[in-house]
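Pasting the sequence and the predicted coordinates here, then a few questions.
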Amino acid sequence: MKYITILFALFMAAVVVAADRGTLPASIKALYDFPNGDKVGHFVLLGILSFLVNWTVLSNSPHRSLRPVLIGSGIIGLWRSRSRNSRNATSARAHST
């Protein structure tokens, strides 16, 4: 599971870099070409990443407690903050509230 999570995180990082540069492939760009498509895309991608990270953290934890979920959620929070900061730092991406 760890490798799937890493591959998905790398895929998302590549999407963020491509969006920052304004070079998203047409196939991915087409997914956002409807009202609020960016928000739906973020919800789905971050939801999948959250699931994978939390599942990976829980599967590596000997105890089924709240702590691994908090760690996984913290990782996603940091990821989201980084994505938001890169969006605000570039002009190629739309700024939304």
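Sure, I can see it.

Over to residue 61: give its phi and psi.
Dihedral angles of residue 61 (phi, psi; degrees, to the nearest 10) stand at phi -100, psi 130.

If you could redo that for residue 23, that was the one I meant.
Note on residue 23: backbone dihedrals following degrees, to the nearest 10 are phi -120, psi 40.

and the gap between residue 31 and residue 57?
In this view, residue 31 and residue 57 are 28 Å apart by C-beta to C-beta, to the nearest Å. For glycine as for every other residue, the C-beta is placed from the backbone atoms N, C-alpha and C.

quick one, which of those two is more surrounded?
Using other C-beta atoms under 10 Å as the criterion, residue 31 and residue 57 rank with residue 57 on top: 21 against 13.

contacts for the host helix or strand of that one?
For residue 57, the host element (DSSP states H and E) is helix 37-59. Helix 37-59 has contacts (C-beta atoms under 8 Å, 6 or more residues apart in numbering) with 1-2, 4-5, 8-9, 12, 15, 31-32, 64, 68-69, 71-73, 75-76, 79-80, 94, 96.

Now do the helix or strand that that helix is followed by: which elements does it pack against?
Sequence order places helix 66-89 as the next helix or strand after helix 37-59, per DSSP H and E. Applying 3 or more C-beta pairs under 8 Å, 6 or more residues apart in numbering; DSSP states H and E, one finds that helix 66-89 contacts helix 2-21, helix 37-59.

Identify, out of the ones you listed, the most deeply packed stretch.
When you average the neighbours per residue for each of the helices and strands packed on helix 66-89 (mean count of other C-beta atoms under 10 Å), helix 37-59 leads with a mean of 15.
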